[in-house]
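Q: Only the shape, not the letters, is given here:
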DNA sequence: CTGAAAGCGCTAACAC
DNA sequence: GTGTTAGCGCTTTCAG
């Protein structure tokens, strides 16, 4: 190996010329303890094509400079023969700019984030970027460290699709502003939690909203392009549609009240009902985990309470997530009741995988892939539309 | 800016010393047309801490060399104040090794791949690697180009979770062997399509299996660590369990016969039945798209045929995917029949999201996240167990 | 223990 | 049009 290295190196031109005698013996691959560097480099290609490094570089990557057809062909041929593949890292260092888009998600196994990721990967690919996905695994404590490695990547752009919580620590905001300062385009998925919603009615429970909306996270950081998912107004619209369908008494399976998304949906639904003159009784907003089982449990507690002679069972239940709605369906069925008939259930998201649950779920459809794609375009600064709406879809689960 | 650059540069030591006079005026950030380079560099930190670059480097990254506590503290302090974050790309170039693991999937929106991705991200994180995900979007034609960019990334390891098709082009194999040659650890998810299965019976339709199993794709490439998903034996076990449950007549919703995974499951199921003395009549293996709608259509054609006085409806149907099984359920229901009672349906995968379909699906559970994690460990060479088994789960959809 | 300096693979001035 | 060479930000010898 040293021998090979030496052969190579004897042609190496050292900036020190004559001085470089004994060191030069150890050329590429000669550094002790180094992992083998055995890929083909541009220099190899250039040598083989009989042109300079610069020409080879110009030939293989879109440089403004033109290269004579002749050399161009030779370089391409050499590259092909040698199976040359440009080292993107080195390119990035030299160019001072990467071809990486970082996507940070709460949990990639969640179909919500998976859908967004699919859209993001597609859109990024169209822009010639590769996507790196990091996951906080639902743990807010991990957000800061994840953003740390993200910033080490020096991504060209970053999309933040986190499960934001009210009153989040703002290490995160600091990290994000660092990213922005480093020149990355950043976009963040956020909710239309406060205001911005024309439904009118004063949001019940507005006092629970994080004290200072502006300090409330990533979306407040200068330079971040938010993409607001109109959870609140979508939920409000759903509420209105259900009332118009004839439903009169409601309960909410609210999920984790600290989660911004859950909060926005709850607020919006309540506001939507209020706008139609329908109130929500005390105890009808039941918190739980933000999961299928959470939905099951919350629904069960409602059923238990009614069975125990407490508040009457509402005719319709809104779960802030399709997954929670499915849990609710199961709970209802486990009590011997008929979901849809005895008690209506609506969800949110319209995750495709759940298209066949019976009864079919009324919900608010969110165009997940489009959201992901739009978010990357926002991060890249080529998308001006900063909001996406859900679409109310009424199905059998709330038919009366 | 140039002024600042100049101040910087006056200290810059050029290997050419005296010659470097007028050019040096343009220091960092001075290159024309360059995107701003405004992040903090190691040099900044070193200067601020009053130590050399080398020392700063040694202090901040686990070098074997030790650094005096004193300088160590100063460097860390400086790094903190400056919000320094090491440029991973530059590190990679200098070290000749990256901290990147590339995951190539068919479609990240598919819960199957999403589950695998989640496990992979977790395991990679534990190994200090960041994951870049690229997707072929189900298009085999894209595989080669995707692998091209992957190899430009010079990943430390790569996990291939592709929807392999029989008789695939071997551009892919070439690309993969390039990756291996470049020193990346590669692992690929594959099926126990041929042999390797103790079920005994001669696999019906073995003639359809790609001509030369060894040339049959990525798994044949030297240096690739396969992780075999025992689709075939899982399906065989399911078949056995169903027969023992009393089912006697079967049909298969086979999905796309070109997809290795689908093929393995079909073959296994047929073999499993054969091992119990049960045959599969002609026309009872119906191909379709590898999707929910494919399942719906395939099941519909079975129902149509029976209604038209063709072959009797089988008592039990095996869909090669849970998703297809759900489609089948819907088709059955749409004909006014009761799935589970009139005709049993079994799936494969046990995707969690479908836990609440009614009737609950009999299936073969695959530990998706574990598969993802295991695959990265295989790629990193720290996992010797190269196979994962599914687990038969019998539920209401095939209760008699 | 520390610093100077030679690279890593590639790009982009700058001369020719 | 092409070659030379100074960098990019970082690591790691090698000599103190």
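A: Right, received. Where do you want to start? Remember, predicted model here, so these are calculated numbers, not experimental data.

Q: how far is the host helix or strand of residue A:54 from where the chain is centred?
A: For residue A:54, the enclosing helix or strand under DSSP states H and E is helix A:53-60. In terms of Cα atoms, centre = their mean, to the nearest Å, the centre of helix A:53-60 is found 37 Å from the chain centre.

Q: do the very next helix or strand once past it and DNA strand D meet at all?
A: Remark: after helix A:53-60, the chain's next helix or strand is helix A:69-82, criterion DSSP H and E. Yes. Helix A:69-82 reaches DNA strand D (Cβ under 7 Å from any atom of the strand) through A:70-72. The way it works is simple: take the backbone N, C-alpha and C, and place the C-beta from them, glycine included.

Q: Let's have those residues in a markdown table, adding distance to DNA strand C and pLDDT.
A: Formatted as a markdown table, those follow (distance: Cβ to the nearest atom of the strand, whole Å; pLDDT from 0 to 100):
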| residue | distance to DNA strand C | pLDDT |
| --- | --- | --- |
| A:70 | 17 | 94 |
| A:71 | 14 | 94 |
| A:72 | 14 | 96 |
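
Q: Drop anything exposed from those residues.
A: Buried members of these, counted by 16 or more other Cβ atoms under 10 Å in any protein chain shown: A:71-72.

Q: could you list every residue that touches the residue in the stretch 201-350 of chain A that DNA strand D sits nearest to?
A: Nearest to DNA strand D in the stretch 201-350 of chain A, going by Cβ to the nearest atom of the strand, is residue A:223, at a distance of 19.9 Å. Neighbour list for residue A:223: A:177, A:180, A:186 [criterion: Cβ atoms under 8 Å, 6 or more residues apart in numbering or on different chains].

Q: Find the nearest non-adjacent residue to the first one, please.
A: Closest residue to residue A:177 apart from its sequence neighbours, by Cβ to Cβ, 6 or more residues apart in numbering or on different chains: residue A:221 at 4.9 Å.

Q: count of residues packed around the one you found?
A: The number of residues packed around residue A:221, counting by other Cβ atoms under 10 Å in any protein chain shown, is 20.

Q: how about it, phi and psi?
A: phi -70, psi 130 (degrees, to the nearest 10).

Q: Surely it and residue A:173 touch.
A: Yes. Under the criterion of Cβ atoms under 8 Å, residue A:221 makes contact with residue A:173 at 5.3 Å.

Q: can you give me the strands for the stretch 201-350 of chain A?
A: Assigned by DSSP state E, counting those that start in this stretch, the stretch 201-350 of chain A shows strands spanning A:224-229, A:250-255, A:285-287, A:316-319, A:344-346.

Q: can you give me the helices in chain A?
A: Using DSSP state H, the helices of chain A run over residues A:2-9, A:42-49, A:53-60, A:69-82, A:88-95, A:111-126, A:140-152, A:171-181, A:231-244, A:260-275, A:292-307, A:322-334, A:368-379.

Q: and the second one, is it in reach of chain B?
A: When you say that, I think you mean helix A:42-49. No. Judged by Cβ under 8 Å from any Cβ of the partner chain, helix A:42-49 makes no contact with chain B; its nearest approach is 12.3 Å.

Q: Could you give the average pLDDT over that helix?
A: Mean pLDDT, computed over helix A:42-49, is 96.

Q: How about that helix and DNA strand C, any contact?
A: Yes. Under the criterion of Cβ under 7 Å from any atom of the strand, helix A:42-49 makes contact with DNA strand C via A:42-43.

Q: Taking helix A:69-82 as reference, get the angle to that helix.
A: Angle of helix A:42-49 versus helix A:69-82, following axes from the mean of the first three to the mean of the last three Cα atoms, to 10 degrees, is 120 degrees.

Q: Please determine how far residue A:155 is located from DNA strand D.
A: Using Cβ to the nearest atom of the strand, to the nearest Å, residue A:155 is found at 15 Å from DNA strand D.

Q: Read off the pLDDT value for that residue.
A: 97.

Q: ditto for the one 4 residues further on
A: pLDDT recorded at residue A:159 is 98.

Q: Next, the contact list for it, please.
A: Per Cβ under 8 Å, 6+ apart, neighbours of residue A:159: A:101-104, A:120, A:186-189, A:372, A:375-376, A:379.

Q: Of the residues you listed, which ones also sit close to chain B?
A: Contacts with chain B within the contacts of residue A:159, counted by Cβ under 8 Å from any Cβ: none were found.

Q: follow-up on the earlier one: got a list of contacts for the helix holding residue A:54?
A: With contacts defined as Cβ under 8 Å, 6+ apart, helix A:53-60 is touched by A:42-43, A:45-46, A:49, A:51, A:63, A:65-67, A:71-72, A:75-76, A:78-79, A:84, A:86.

Q: do you know how far residue A:380 is from DNA strand C?
A: From residue A:380 to DNA strand C the distance is 19 Å (Cβ to the nearest atom of the strand).

Q: do the helix holding residue A:54 and DNA strand D meet at all?
A: Yes. Part of helix A:53-60 sits near DNA strand D under the criterion Cβ under 7 Å from any atom of the strand, namely A:53-55, A:58.

Q: ok, back up a step: what's the PyMOL syntax to select whichever of the contacts of helix A:53-60 are buried?
A: Burial among these is assessed by 16+ other Cβ under 10 Å; the matching PyMOL selection reads:
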select buried, chain A and resi 42+45+46+49+51+67+71+72+75+76+78+79+84+86
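
Q: residues near residue A:338, how many?
A: As a burial measure, residue A:338 scores 10 neighbours (other Cβ under 10 Å).

Q: residue contacts, the nearest residue to it once chain neighbours are set aside?
A: Leaving aside its chain neighbours, residue A:338 sits nearest to residue A:332 (7.6 Å; criterion: Cβ to Cβ, 6+ apart). With contacts defined as Cβ under 8 Å, 6+ apart, residue A:332 is in contact with A:299, A:303, A:338-339, A:342-343, A:345.

Q: Report the buried members of the residues you listed.
A: Those of the contacts of residue A:332 that meet the buried threshold are A:299, A:303, A:339, A:343, A:345, by 16+ other Cβ under 10 Å.

Q: I figured the first one was touching residue A:328, is that so?
A: Yes. Counting by Cβ under 8 Å, residue A:299 sits close enough to residue A:328 to count as a contact (3.8 Å).

Q: any shared contact partners between those two?
A: Common contact partners of residue A:299 and residue A:328 (Cβ under 8 Å, 6+ apart): A:253, A:317, A:319.

Q: Quickly note the distance from the second one to DNA strand C.
A: Note on residue A:317: its distance to DNA strand C, by Cβ to the nearest atom of the strand, is 58 Å.
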